[in-house]
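**Q** predicted model, plus sequence, below.
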Amino acid sequence: MLLTSMHRVLQGMTTLTLSASVSLLKPLSCIGSVCVAASIGQYAVFFLGLYLIALGTGGIKPCVSSFGADQFDDTNPKEKKKKCSFFNWFYFSINVGLLVSNSVIVWVQDNVGWGWGFGIPTVFMGLAIGSFFYGTPLYRFQKPGGSPVTRMCQVVVASLRKLRKKVPLDHSHLYEVQDRNSAIQGSRRLEYTDEFKCLDKAAIITDDDIREGGFSNPWRLCTVTQVEELKILLRMFPIWATGVVYAAVYSQTSTMFVEQGMTLDTSIGSMFHIPPASLSIFDVLSVMVWVLVYDRLIVPIVRKYTKRERGFTELQRMGIGLFISILPMVAAALVEIRQLSIAKTYDLVYDEGTPIPMSIFWQIPQYFLVGASEVFTFVGQLEFSYDQSPDAMRSLCSALSLLTIGLGNYLSSLIVTVVMYATTKGGNIGWIPDNLKEGHLDYYFWVLASLSLLNLLVYVSCAHRYKYKKSS
């Protein structure tokens, strides 16, 4: 799966490189302010490259973190200890790549050309595939357990077939194989839990199962482990759901933070102006700093008190991150209040072309706080999705965790739409007008801070009731 997805990304990057380099595949250069529109064929090649990259990325992201963690042997104390730091350094390496792409590659695209800008990442993607393939003899491979979606459907169908059956009071009478490993290849047996008892009906052994040999038909009879797989996913969903609101807050780094920065003074000296979108590099730097601080300083200190190898539990780590996520919205609101005050003082409210005499670097704290929250929340989600998922569902659970990021972006767009609709009624200019100096972007940030606080309270309630996975 990983190798196939990598090839898809390489194909997409190659397609984009060709669309930016080959004269027949790219629009003619602009002459002054006159630009010739791209043809349908040129659009087709360009979007083909984008969709191939999206398809490949969708296969790589949920699999690569799980595959990397699978390389550590939990029965070996030394490897188990190193595994505790894996997800920290995995996320660190991602941000090293972001740092290079947001600085070096962007400079190449702006100053050398888009062909080189796409071509360099394409070459490195090819080298990554070669490196991954070269290491194949060293990897530890987990046996595939089949389609997790099929197994979940089997539990639902089997429980509906026995809807009128009564679950025995003694759960040992439910169906389970007697081996140490479960009937699902590559997966350990899971211990019975007393939640979602309606699903236990799928594991009830009936006379018909004995008479008709239903033990080999999972659409009629499922093992306790198979039922517990679905129960685990249902328990994890509320935790994942709170990640959607967090992802909406995180998405502000590439949306409203940039809009806010466009009204500020972007000059450095008298010769250079920093693009507002470039400040996201401080988010990346913050992540890299906080990974080091967390892994080398915070964890060893906390470990002394909690006696846990990772210091915090996954749920505690995510909860800390959700609390920190409130702070960048507060910081952004305070920056906005200050710049609106300055705009009124200097009579710049209706002057769209003149930046407010307030340095854009006042935004650095809010980017830095977002980076800090990432290290706790996003990395905590990776750990949670890997450790709490059934053995044969790790990639699926990682994919569902990553899905919250996409849903968070949609939620952010929905919040903006609702805010603009509600605040422009009656001919009002609204909180987020084209000229932000006339609006109240600070109110929008306070709304996000309030949502983040509410999300934290919901998360604490869900985390308090959550039952950790128990493997036999």
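**A** Received it, and whenever you're ready, just let me know what you need. Residues are numbered from 1 along each chain as shown.

**Q** who's in contact with the closest residue in space to residue 15 that isn't next to it in sequence?
**A** Using Cβ to Cβ, 6 or more residues apart in numbering and skipping the chain neighbours, the partner closest in space to residue 15 is residue 49 (3.4 Å). In this view, the C-beta of every residue, glycine as well, is placed from N, C-alpha and C. Listed by Cβ atoms under 8 Å, 6 or more residues apart in numbering, the contact set of residue 49 reads 12-16, 19.

**Q** list just the nearest of those to residue 32.
**A** Within the contacts of residue 49, proximity to residue 32 (Cβ to Cβ) peaks at residue 19, which comes in at 23.8 Å.

**Q** for the stretch 351-472 of the chain, what spans make up the helices?
**A** 364-388, 394-423, 441-465 (DSSP state H, counting those that start in this stretch).

**Q** among those, which is the most enclosed?
**A** helix 364-388 (a mean of 23; mean count of other Cβ atoms under 10 Å).

**Q** next, residue 163: phi, psi?
**A** phi -60, psi -30 (degrees, to the nearest 10).

**Q** how many other residues sit next to residue 114?
**A** 16 (other Cβ atoms under 10 Å).

**Q** go on, residue 215?
**A** 15.

**Q** I'd guessed it sits against residue 175; true?
**A** Yes: applying Cβ atoms under 8 Å, one finds residue 215 in contact with residue 175, separated by 7.5 Å.

**Q** please pull out the lowest mean pLDDT helix or strand from the chain.
**A** Within the chain, no helix or strand scores below helix 207-212, which has a mean of 72 by mean pLDDT, DSSP states H and E.

**Q** for the closest residue to residue 357 other than its chain neighbours, give the beta-bridge partners.
**A** With Cβ to Cβ, 6+ apart as the criterion, residue 357 has its nearest non-adjacent residue at 5.8 Å, and that residue is residue 265. Counting by DSSP bridges, residue 265 forms beta bridges with residue 359.

**Q** for residue 265, grab the count of nearby residues.
**A** Neighbours of residue 265 (other Cβ under 10 Å): 18.

**Q** report the contact partners of it.
**A** 355-360.

**Q** look up how far residue 381 lies from the nearest residue to residue 228 once chain neighbours are set aside.
**A** If the residues on either side of it in the chain are set aside, residue 228 comes closest to residue 190, at 3.9 Å by Cβ to Cβ, 6+ apart. Taking Cβ to Cβ, to the nearest Å as the measure, residue 190 falls 21 Å from residue 381.

**Q** now residue 337
**A** 32 Å.

**Q** same question for residue 421.
**A** 32 Å.

**Q** same question for residue 223.
**A** On the measure of Cβ to Cβ, residue 223 and residue 381 end up 29 Å apart.

**Q** tell me who's in contact with the closest residue to residue 275 other than its chain neighbours.
**A** The spatial neighbour of residue 275 that comes closest, neighbours along the chain excluded (Cβ to Cβ, 6+ apart), is residue 266 at 7.2 Å. By Cβ under 8 Å, 6+ apart, the residues touching residue 266 are 273-276, 355, 360.

**Q** please redo it, this time with the cut-off set to 7 Å
**A** 273-274, 276, 355, 360 (Cβ atoms under 7 Å, 6 or more residues apart in numbering).

**Q** where in the stretch 351-472 of the chain is pLDDT low?
**A** For the stretch 351-472 of the chain, residues meeting the criterion pLDDT under 70 lie at 471-472.

**Q** over to the chain?
**A** Using pLDDT under 70, the chain drops low at 145, 179-183, 186, 211-214, 471-472.

**Q** quickly find the element holding the nearest residue to residue 405 once chain neighbours are set aside.
**A** Spatial nearest neighbour of residue 405, excluding adjacent residues (Cβ to Cβ, 6+ apart): residue 247 at 4.7 Å. Per DSSP states H and E: residue 247 is located in helix 224-250.

**Q** put the alpha carbons of the following helix or strand past that helix into CSV.
**A** Next helix or strand after helix 224-250 toward the C-terminus (DSSP H and E): helix 256-261. The C-alpha trace of helix 256-261 is given here as CSV (Å, rounded to 0.1, in the frame of the first residue of the first chain):
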residue,chain,number,x,y,z
MET,A,256,-7.6,34.4,9.1
PHE,A,257,-4.1,34.8,10.6
VAL,A,258,-3.0,35.7,7.0
GLU,A,259,-5.9,38.1,6.5
GLN,A,260,-5.0,39.8,9.8
GLY,A,261,-1.4,40.0,8.8
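
**Q** helix 256-261: which residues count as buried?
**A** Using 16 or more other Cβ atoms under 10 Å as the test for burial, helix 256-261 gives 256-258, 260-261.

**Q** show me where this protein has strands.
**A** 264-265, 267-268, 272-273, 356-359 (DSSP state E).

**Q** among those strands, which is the most enclosed?
**A** Highest mean neighbour count among these (mean count of other Cβ under 10 Å): strand 264-265, a mean of 20.

**Q** quick one: that one to chain centroid distance?
**A** 31 Å (Cα atoms, centre = their mean, to the nearest Å).

**Q** list the contacts for the most centrally placed residue in the chain?
**A** In the chain, the residue lying closest to the centroid (Cα atoms, centre = their mean) is residue 402, at 3.8 Å. Counting by Cβ under 7 Å, 6+ apart, residue 402 touches 61-62.

**Q** got a list of what residue 419 touches?
**A** 431-432, 444, 447.

**Q** and what of residue 118?
**A** 13, 16-17, 20.

**Q** one more time with 10 Å
**A** Residues near residue 118 by Cβ atoms under 10 Å, 6 or more residues apart in numbering: 12-21, 49, 105, 108-109.

**Q** residue 176 too?
**A** 182-183, 189-192, 203, 222-228, 472.

**Q** one more pass at 6 Å, please.
**A** 223-224 (Cβ atoms under 6 Å, 6 or more residues apart in numbering).

**Q** for it, give its distance to residue 73.
**A** In terms of Cβ to Cβ, residue 176 sits 26 Å off from residue 73.

**Q** what's the answer for residue 27, then?
**A** Between residue 27 and residue 73 the distance is 54 Å, computed by Cβ to Cβ.

**Q** same question for residue 446.
**A** Residue 446 is 49 Å from residue 73, by Cβ to Cβ.

**Q** what about the spatially closest residue to residue 442 that is not a sequence neighbour, neighbour count?
**A** Excluding its sequence neighbours, the residue lying closest to residue 442 (Cβ to Cβ, 6+ apart) is residue 336, at 3.8 Å. Counted with other Cβ under 10 Å, residues neighbouring residue 336 total 22.

**Q** wait, residue 336 sits on residue 443?
**A** No: using Cβ atoms under 6 Å as the test, residue 336 is too far from residue 443 to be in contact (8.7 Å).

**Q** contact partners for residue 388?
**A** So residue 388 contacts residue 469 (Cβ under 6 Å, 6+ apart).

**Q** go again using 8 Å as the cut-off
**A** 232, 236, 314, 397, 468-469.

**Q** then residue 432?
**A** Counted by Cβ under 8 Å, 6+ apart, residue 432 has contacts 256, 259, 416, 419-420, 423, 439, 441, 444.

**Q** mind checking how far it is from residue 352?
**A** Relative to residue 352, and taking Cβ to Cβ, residue 432 is found at 15 Å.

**Q** likewise for residue 330?
**A** 27 Å.

**Q** and these two? which has more neighbours close in?
**A** In this view residue 330 and residue 352 are compared by other Cβ under 10 Å, and residue 330 has more residues nearby, 16 against 13.
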